[in-house]
Structures are given as C-alpha cells and as structure tokens.
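Trainee: Fold the following.
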Amino acid sequence: MNIVPEPLHLASRLAQDYIHRFDQVSGLYGGDFRSERSFAERAAWLDLSEDKRTPRKALVSCLRAYNKKHNNHPAVHTSLDSLEQQGTLVMVGGQQSGLFTGPLLVVYKAITIIQSAREAQRRLNRPVVPVFWIAGEDHDWDEVNHTYFLSPDQSLAKVKLDPKDALRTSVSYTKVDRADWDGLLNELQQQLPDSEHKGELLRLVSESVQDAPCLSDAFARLLGGMFGKYGLILLDSADPALRELEVPVFEAMIKRNEDLCRSYQAAAKEIAGRGY
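Mentor: Numbering: from 1, shown residues only. Here you go, the predicted model:
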C-alpha cells in the first residue's frame, strides 16, 4: 500500500496564524497552548476565581447523577471524585450529539480531550480531568440526524433519522421511539462492511440506543461505552439539573448585556481591523 500524506489547509487565516504565527495574534487569545507559562498563568487565574464560578460540589453532584445514568464507569467516578476536590482542573471540549457519534471528528475530539488532560496534568503537576460537553440544547436537527460510512461496495452510505414532527425543539428534547432505533440498527447491520470489529461496533451501538428517548442520550451512552474507561466525564448542556445551576450565570449575563455587547463589538472590530 502506498500512503501519501496530504496536508489539509485551514480555511481561516486567523486559525493558520494561531497555529503557525502565534506572536501575530497573541493579543486576541488568553495564552499559547505550547507555552508552559501560559498553562501556569491559566491555572493560577482559575485558582483565584474559584469563588466566581458555580459551586464545585453542586456541579459534581449534578455530573455524577448524569454520568451514573449514561456513563457509569469506575474510571469516570474516579474523575468525578477528583473534580470534587479543590484544585482539580478540567480540560473541556465538545460537540453536538450526532447520530452514531456523527462525523469522525467527534471521536478525535474525545481522544484529544483525554490526551490533553493528561498532558496538562503532567505540565502542571496537579489533577486535570477530561470533560466532554454535549451541546444537547442545539436546535439544528438536520446537522446531527445522520452519519456517513463506507458500504461493502466501498461507496459512501448515509444513515438518517427523520423527526416525527416539524417542531424545532432542542436535540435533547426531540423524541426518538424504539421503532426508529430498530430501523436504523437494521440498516447499519446491512450496510456496514464485514470486519473483525463489526460485531463489537454493533453491540456498542445497540446498547447505546436501548430505551434511549432521544439522540443525546444515545450519543452519551455510545461515547461512554467508547471512552468511559479513560475517565471521560460527560455533560449535556440541556440537562435540567445543570440548567438550574446556571441560573445565576444567565442572570449576570442579562444584567451585564450592554457591557458584554460593547466588548464583543470591540473585539470584532479589532479582528476585522487586522484583516481577518
């Protein structure tokens, strides 16, 4: 087999400069991900601002209930036990809850979060746990209701989950019934090429959709089945218990709306002024 590496060029020049010419855009970011100093400064800022965030124990209690339901792995509870302790930091990333994980970048994101948490823990010499943020409050059903894969004849196959009605509710509140899951599993069984991994993949997917009332729950269970053993904590941004904890945050945003708007406009003007 002849493997030819082909670099993908970023569409955003700002992203290009962030990665390759950070000194040109350093004023737009909180720090350089390659810099030991930036890591230390960020950790120090987080330590000093602990009292300005959602109470740690209340947040962990909420996450513990969610993960016990969808991601009940001993390594996850170890991460949560650590997070409950003062001084533990988190490495967070996330994505919308796509069908059967959605695009492959979701799997890469989960791996990156886990590896980045380990790297940060090594750099800072203090506990850092990985957290995957599921954007369950997202309303763009057409963006998350399908996935692609190679069929046995090496053509691109698409599996899609159609909604029952035209209501634009958030993904975590869009109901999916058992008949829909059975149809998707049957289609996946027929279309997925035979391999030594097919049986295990189908088992993971089947377990994830078992009695799942919505796409977000199935997504969480599948991610948990794949990455829970590495201590990856999951959260759904549409979780009612989490939303309750966020009330003071949203109240502060509403009260400071004009200040936030001015800051946003100033930043946008600076970025545009630099030609981005």
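
Trainee: Look through this protein and tell me its longest helix.
Mentor: For the chain, the helix with the greatest residue count under DSSP state H is helix 105-124.

Trainee: So what are the sheet partners of the next helix or strand after it and their directions?
Mentor: Sequence-wise, the next helix or strand downstream of helix 105-124 (DSSP states H and E) is strand 128-134. Based on DSSP bridges, the pairing partners of strand 128-134 within the sheet are strand 89-95 (parallel), strand 233-236 (parallel).

Trainee: Let me know the angle separating the longest helix of the chain from strand 128-134.
Mentor: Note on geometry: by axes from the mean of the first three to the mean of the last three Cα atoms, to 10 degrees, helix 105-124 and strand 128-134 are set 160 degrees apart in direction.

Trainee: which of the strands paired with strand 128-134 is buried the deepest?
Mentor: Counting by mean count of other Cβ atoms under 10 Å, strand 233-236 has the highest mean neighbour count of these, with a mean of 26. From N, CA and C alone the C-beta is placed, and that goes for glycine too.

Trainee: Restricting to C-alpha, output that one in CSV.
Mentor: As requested, C-alpha coordinates have been extracted for strand 233-236 and formatted as CSV (Å, rounded to 0.1, in the frame of the first residue of the first chain):
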residue,chain,number,x,y,z
ILE,A,233,-16.8,12.9,32.2
LEU,A,234,-19.9,13.7,30.1
LEU,A,235,-22.4,16.5,30.4
ASP,A,236,-25.4,17.5,28.5
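
Trainee: Contacts for it, please.
Mentor: 63, 66-67, 70-71, 76, 79-80, 83, 90, 97, 129-134, 136, 172, 216, 220, 223-224, 242 (Cβ atoms under 8 Å, 6 or more residues apart in numbering).
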